[in-house]
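> Build the 3D model from these lines:
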Amino acid sequence: MGEYMAEKNIYLCEDSTEGIFSAVYRAYEDKHGHADNEIRIDVPGYNRELFCSYISVETDFERAAKVARTIRRDISETAYEFVLKASLSWKPGKADAIYRFIIEGLKFGRKVMNHLTAPYMQTLLEAERQTVNEVHFFVEFLRFEELENGVLFARINPKSIVFPYVAEHFADRFSGEDWIIADTVHETMMIHKKNGGCAYATFDDVNLDELTLKYSAEEKTMQELWSVFVDTIAIKERANRDLQRNMLPLRYRKYMKEFGAT
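Numbering: from 1, shown residues only. As a prediction, the model looks like this:
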């Protein structure tokens, strides 16, 4: 008889920090043995493998919070911040890498951060870098536009989920303003009330790219002046498109008026 092949357990979860942590909790709870488990983001259209048991995990915020507390208490606060940023990235394989990181972290404590050559660590380092880089770009390049009602409105198109860090930055910088930042990729909004906090909202049935915005008179004037200024200072003979794309990648220009955004 052939050698027995253990069935692999694949936990499918939502693409969010809470979703991944919920799957980690479930994997520990089921006690199948970590070597036979894998955690994946549940995406439509993937091909299922033979000899695998697929387990859909509903996001459970209470269980996710327990996993978060465990990381902070038994590994380190630094490890938690590292995992949090990695979980917000668009890196494939991040969910299982976080699972492996937690398994090893509960064995080695804070020293797990030094396991730089481990495959799971290399995945997480790249994932964290993706999130950090996008946060940096959107903090630098996000453009608010003043609407008729005085609310400042901006749109972004990140691959990673950057709201936790971008919103924190602007809540501090523009604490005395009413503003809204719309993530057109993840179909979400962060709404800030003047001298108040932020509220998170999802808009699955709204095309945030096709919103008709009514600008204030001052905003219309500023947009016209800005376009004229950019065109005026440009020296065509010295244009360096490669350098420009390196400093400001094309995908960050979608909502910039000087690059033709409407």
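
> could I have the helix or strand where L125 lies exported to CSV, CA atoms only?
For L125, the host element (DSSP states H and E) is helix 119-141. Extracted in CSV, the C-alpha atoms of helix 119-141 (Å, rounded to 0.1, in the frame of the first residue of the first chain):
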residue,chain,number,x,y,z
PRO,A,119,10.7,32.3,4.2
TYR,A,120,7.8,33.7,6.3
MET,A,121,9.9,36.6,7.5
GLN,A,122,11.0,37.5,4.0
THR,A,123,7.4,37.6,2.8
LEU,A,124,6.4,39.8,5.8
LEU,A,125,9.3,42.1,5.3
GLU,A,126,8.3,42.7,1.7
ALA,A,127,4.6,43.1,2.7
GLU,A,128,5.4,45.6,5.4
ARG,A,129,7.6,47.6,3.0
GLN,A,130,4.7,47.7,0.5
THR,A,131,2.3,49.2,3.1
VAL,A,132,4.9,51.7,4.5
ASN,A,133,5.8,52.9,1.0
GLU,A,134,2.2,53.4,0.0
VAL,A,135,1.4,55.3,3.2
HIS,A,136,4.4,57.5,2.6
PHE,A,137,3.4,58.3,-1.0
PHE,A,138,-0.3,59.0,-0.1
VAL,A,139,0.6,61.2,2.8
GLU,A,140,2.9,63.2,0.5
PHE,A,141,0.7,63.3,-2.6
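
> by contact count, what packs against whatever helix or strand comes next after it?
Per DSSP H and E, the first helix or strand lying C-terminal to helix 119-141 is strand 145-146. Using 3 or more CB pairs under 8 Å, 6 or more residues apart in numbering; DSSP states H and E as the contact test, the elements touching strand 145-146 are strand 152-156, helix 217-233. Yep, even glycine has a C-beta here, placed from its N, CA and C like the rest.

> To L208, which of these lies closest?
For L208, the closest of those is strand 152-156, at 6.5 Å, according to CB to CB.

> And the closest one, what does it pack against?
Strand 152-156 sits against strand 145-146, strand 179-183, with contacts defined as 3+ CB pairs under 8 Å, 6+ apart.

> go again using 10 Å as the cut-off
Other helices and strands packing on strand 152-156, by 3 or more CB pairs under 10 Å, 6 or more residues apart in numbering; DSSP states H and E, are helix 119-141, strand 145-146, helix 163-173, strand 179-183, strand 188-192.

> Direction included, what does the shortest one pair against?
This means strand 145-146. strand 152-156 (antiparallel) (DSSP bridges).

> Which residues are in contact with the residue nearest the centre of the chain?
Nearest residue to the geometric centre of the chain (CA atoms, centre = their mean): I161, 1.6 Å. Counting by CB atoms under 10 Å, 6 or more residues apart in numbering, I161 touches 15-17, 85, 87-90, 131, 134, 183, 185-186, 188.

> ok so, going back, let me know which of the helices and strands packed on strand 145-146 is tucked in deepest.
With neighbours defined as mean count of other CB atoms under 10 Å, the helices and strands packed on strand 145-146 peak in mean count at strand 152-156, which reaches a mean of 20.

> chain center to that one: distance?
When distances are taken as CA atoms, centre = their mean, to the nearest Å, strand 152-156 is centred 17 Å away from the chain's centroid.

> got the angle between that strand and helix 119-141?
Between strand 152-156 and helix 119-141, the angle comes out at 140 degrees (axes from the mean of the first three to the mean of the last three CA atoms, to 10 degrees).

> For strand 152-156, which outside residues touch it?
The set of residues external to strand 152-156 that reach it, using CB under 10 Å, 6+ apart, is 134, 137-138, 141-147, 162-163, 166, 170, 174, 177-186, 189-190, 192, 208-209, 211, 213, 215, 219, 252, 254-255, 261.

> what about burial for these, which qualify?
134, 137-138, 142-147, 162-163, 166, 170, 177-184, 186, 189-190, 192, 208, 219, 252, 255 (16 or more other CB atoms under 10 Å).

> Who are the contact partners of the residue lying closest to V135 once chain neighbours are set aside?
The spatially closest residue to V135, leaving aside those adjacent along the chain, is Y165, at 4.4 Å (CB to CB, 6 or more residues apart in numbering). By CB under 10 Å, 6+ apart, the contact set of Y165 is 84-85, 88, 131-132, 134-136, 138-139.
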